[in-house]
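Colleague: no FASTA, just this:
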């Protein structure tokens, strides 16, 4: 393993100190499941509660953390500390567990899960943050004492003192498998990914024309803190508004993107629903679905077949509203947003609240739409449920929650949704098949299987469509050529494009 690896791991942020004192009550996210107050500062208390919720309830950190921060009234540096602790411990779990196991006389599977979550927080502070070692150890020991008692706190103290005896590179050289004998195992521990994901991402790189030597850089990109990006909804906001003052700068690839420097709620357009937090990769998928050329006039009958939670639906609806205002589509133009889960359909409804065009949010199974409304729509976006391997930096717990069996269990649903989308689009209309995963089993293999034996569908030049949208924008250090995929589909990469690793295949029914 090259010693260049540390450059790709999470950088050490400036030292951040949370407010001292005990967290106040359970409404502030300051008590463990047993109800006793946590004897640590509120930022560490919130981070610990996030880890416990992920471990005990399979919660999603990005969904529960904002509410916990609000209840604990954490803002600014304290909110940043809680976020870095929680996300850093979740991302680094694979590495930290190997190091913790080496620092004790038992495998991590035999450690009380409540204590293990605290040890992961302590290891992250010791190995990847500029927290003084004595503070990292003492606060974690206090945390363990408050949730598991004095015996467990003595155990935690001994383990963390051993962890603090070496830096992260020395530990990884000690605990990671030999790179020659077990290269996948070495990368898995070094970059904190399950081995099956390491193998799948190597296959994905090769399948899209990228060298397998980029794998360490890709894995490292999943452990970097992502920027917060917003989409200015066309006709309601623009990038100039989002980037006024010191709060943001224009995005790199998407023409409607702004990279935020402060909290999203500091920007009026986001508070008012005229702009939304959304990764540039997701923006490009929606923009590509709207820009792909149809045969025959586009009447403005658009369908988002898997619309929850509504980010792409909002961008599509805003684009459709602009076209209606310009007279490019008729008064019957409408975005239909389909979502099978009622609570997610509610999120879609909220995301569309500021949009001026007609829209209809429906709770139903997307697999039935093609049969119920054959050939009705001009454009269909089908962003299928997937493993989410393209968004591991934003959903750090996903890498530990997913299993290889998910690839096969999701496959029938993905194929059925694409078939429904192709049935719902009119001849000459466009279907955009998208996933937030680069794994071949969820991307090109799905498209290949559905199109096999069909002569009524053609693959469009998806990279060409996106290049027209991106225009003269270029990534630093990538020269004039912007690699978007080897073939007719687009594969974005976190380490190349700074986006989630989105896949997009634009298909057109033959007229």
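Modeller: Alright, I've got the coordinates. Note that the structure is predicted; figures quoted are calculated from it, not measured. Residues are numbered from 1 along each chain as shown.
Colleague: tally of neighbours for the closest residue to residue 217 other than its chain neighbours?
Modeller: Closest residue to residue 217 in three dimensions, ignoring its sequence neighbours and counting by C-beta to C-beta, 6 or more residues apart in numbering: residue 495, at 4.6 Å. Glycine gets a C-beta too; all of them are placed from N, C-alpha and C. Applying other C-beta atoms under 10 Å, we find 19 residues neighbouring residue 495.
Colleague: Just confirm residue 495 contacts residue 216, I think it does.
Modeller: No - assessed by C-beta atoms under 8 Å, residue 495 is found out of contact with residue 216, at 9.2 Å.
Colleague: returning to what we had before: which helix or strand contains the residue nearest to residue 217?
Modeller: helix 494-497 (DSSP states H and E).
Colleague: Tell me the helices and strands packed up against that helix.
Modeller: helix 215-221 (3 or more C-beta pairs under 8 Å, 6 or more residues apart in numbering; DSSP states H and E).
Colleague: Show me which residues of the helix holding residue 495 are buried.
Modeller: If you call a residue buried by 16 or more other C-beta atoms under 10 Å, then helix 494-497 has these buried ones: 494, 495, 496, 497.
Colleague: residue contacts, the first one?
Modeller: Same thing as residue 494. 218, 221, 222, 390, 393, 500, 501 (C-beta atoms under 8 Å, 6 or more residues apart in numbering).
Colleague: Let me know the distance separating the residue nearest to residue 212 when sequence neighbours are not counted from residue 438.
Modeller: With C-beta to C-beta, 6+ apart as the criterion, residue 212 has its nearest non-adjacent residue at 5.2 Å, and that residue is residue 202. Distance of residue 202 to residue 438, computed by C-beta to C-beta, to the nearest Å: 11 Å.
Colleague: which one of these two has more residues nearby?
Modeller: It is residue 438, of residue 202 and residue 438, that has more neighbours when counted by other C-beta under 10 Å, with 28 against 20.
Colleague: Give the helix, strand or coil label for that one.
Modeller: Following DSSP: H, G, I helix; E, B strand; the rest coil, residue 438 is assigned to coil.
Colleague: That one is in contact with residue 489, isn't it?
Modeller: No - when contacts are counted by C-beta under 8 Å, residue 438 is not listed as touching residue 489 (10.9 Å).
Colleague: So what touches the top helix by length along the chain?
Modeller: Under DSSP state H, the helix in the chain containing the largest number of residues is helix 404-424. Contacts with helix 404-424, where a contact means C-beta under 8 Å, 6+ apart, come from 196, 200, 303, 305-306, 366-371, 373-377, 380, 382, 384-387, 431, 433, 435, 439, 441-442, 446-447, 449-450, 457, 507, 509.
Colleague: any idea of the mean pLDDT in that helix?
Modeller: What helix 404-424 shows for mean pLDDT is 96.
Colleague: what's the answer for stretch 69-78, then?
Modeller: In the prediction, stretch 69-78 has an average pLDDT of 91.
Colleague: Which helix or strand in the chain has the lowest average pLDDT?
Modeller: Least confident element among the helices and strands of the chain, by mean pLDDT, DSSP states H and E: strand 248-250 (a mean of 88).
Colleague: Give the rounded mean pLDDT of the helix or strand that that one is followed by.
Modeller: Proceeding N to C from strand 248-250, the next assigned helix or strand is strand 257-260, under DSSP H and E. For strand 257-260, mean pLDDT rounds to 94.
Colleague: Who does strand 257-260 pair with, and is each partner parallel or antiparallel?
Modeller: strand 228-232 (antiparallel), strand 248-250 (antiparallel) (DSSP bridges).
Colleague: circling back: let's see which of the contacts of helix 404-424 end up in strands.
Modeller: Per DSSP state E, strands hold the following members of the contacts of helix 404-424: 303, 377, 380, 382, 431, 433, 435, 457, 507, 509.
Colleague: The fourth one: neighbour count?
Modeller: Spelled out, it's residue 382. 27.
Colleague: That one contacts residue 431, correct?
Modeller: Yes - using C-beta under 8 Å, residue 382 makes contact with residue 431 at a distance of 6.5 Å.
Colleague: isn't there a helix covering residue 120?
Modeller: Yes - assessed by three-state DSSP, residue 120 belongs to a helix.
Colleague: I figured it was touching residue 101, is that so?
Modeller: No - Residue 120 is not in contact with residue 101 according to C-beta under 8 Å; the separation is 11.9 Å.
Colleague: what about the two, which has more around it?
Modeller: Neighbour count, other C-beta under 10 Å: between residue 120 and residue 101, residue 120 has more, with 27 against 17.
Colleague: Residue 397 versus the more buried one, what's the distance?
Modeller: Counting by C-beta to C-beta - residue 120 and residue 397 are separated by 12 Å.
Colleague: and the residue most central in space within the chain, what does it touch?
Modeller: Closest to where the C-alpha atoms of the chain average out (C-alpha atoms, centre = their mean) is residue 391, at 3.1 Å. Residue 391 makes contact with 279, 398, 436, 500, 501 under the criterion C-beta under 8 Å, 6+ apart.
Colleague: Against residue 393, how distant is the first one?
Modeller: To tie it back to what came earlier, the one meant is residue 279. With C-beta to C-beta as the criterion, residue 279 and residue 393 are 10 Å apart.
Colleague: Common neighbours of residue 438 and residue 489, please.
Modeller: residue 503.
Colleague: List just the nearest of the contacts of residue 494 to residue 75.
Modeller: residue 393 (23.3 Å; C-beta to C-beta).
Colleague: hang on, that closest one in a strand?
Modeller: No - read with three-state DSSP, residue 393 is coil and lies in no strand.
Colleague: which regions of this structure sit below the pLDDT cut-off?
Modeller: 1-39, 474-481 (pLDDT under 70).
Colleague: before we move on, back to that, now the residue nearest to residue 212: which helix or strand?
Modeller: Following DSSP H and E, one finds residue 202 within helix 195-207.
Colleague: Between the two ends of stretch 384-401, what distance do you get?
Modeller: End-to-end span of stretch 384-401 (C-alpha to C-alpha, to the nearest Å): 19 Å.
Colleague: quick one: buried residues of it?
Modeller: Neighbour counts over stretch 384-401 (16+ other C-beta under 10 Å) mark 384-400 as buried.
Colleague: what's the answer for stretch 436-456, then?
Modeller: 436-447, 450-451.
Colleague: ok, now stretch 162-170?
Modeller: By neighbour count with 16+ other C-beta under 10 Å, stretch 162-170 contains the buried residues 163, 164, 166, 168.
Colleague: My read is that the third one contacts residue 174, right?
Modeller: Yes - contact status for residue 166 versus residue 174: in contact at 7.3 Å, counting by C-beta under 8 Å.
Colleague: Show me the contact partners of stretch 434-444.
Modeller: So stretch 434-444 is contacted by 200-201, 203-205, 207-208, 281-282, 285, 289, 381-384, 386-391, 407-408, 410-411, 414, 446, 487, 489, 491, 493, 500-505 (C-beta under 8 Å, 6+ apart).
Colleague: so which strand or helix has residue 46?
Modeller: Going by DSSP H and E, residue 46 is in helix 42-57.
Colleague: Distance to residue 243 added to the ones in strands among the contacts of helix 404-424, as a markdown table?
Modeller: A markdown table is the format used below for these (distance: C-beta to C-beta, whole Å):
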| residue | distance to residue 243 |
| --- | --- |
| 303 | 32 |
| 377 | 35 |
| 380 | 33 |
| 382 | 32 |
| 431 | 34 |
| 433 | 32 |
| 435 | 30 |
| 457 | 40 |
| 507 | 35 |
| 509 | 39 |
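Colleague: Select only the buried ones of these in PyMOL?
Modeller: Typed into PyMOL, the line below selects the buried ones among those, using 16+ other C-beta under 10 Å:
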select buried, resi 303+377+380+382+431+433+435+507+509
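Colleague: wait, which of the ones in strands among the contacts of helix 404-424 is closest to residue 268?
Modeller: residue 303 (31.4 Å).
Colleague: And for the closest residue to residue 307 other than its chain neighbours, the neighbour number?
Modeller: Of all residues not flanking residue 307 in the chain, residue 337 sits nearest, at 3.8 Å (C-beta to C-beta, 6+ apart). Counted with other C-beta under 10 Å, residues neighbouring residue 337 total 27.
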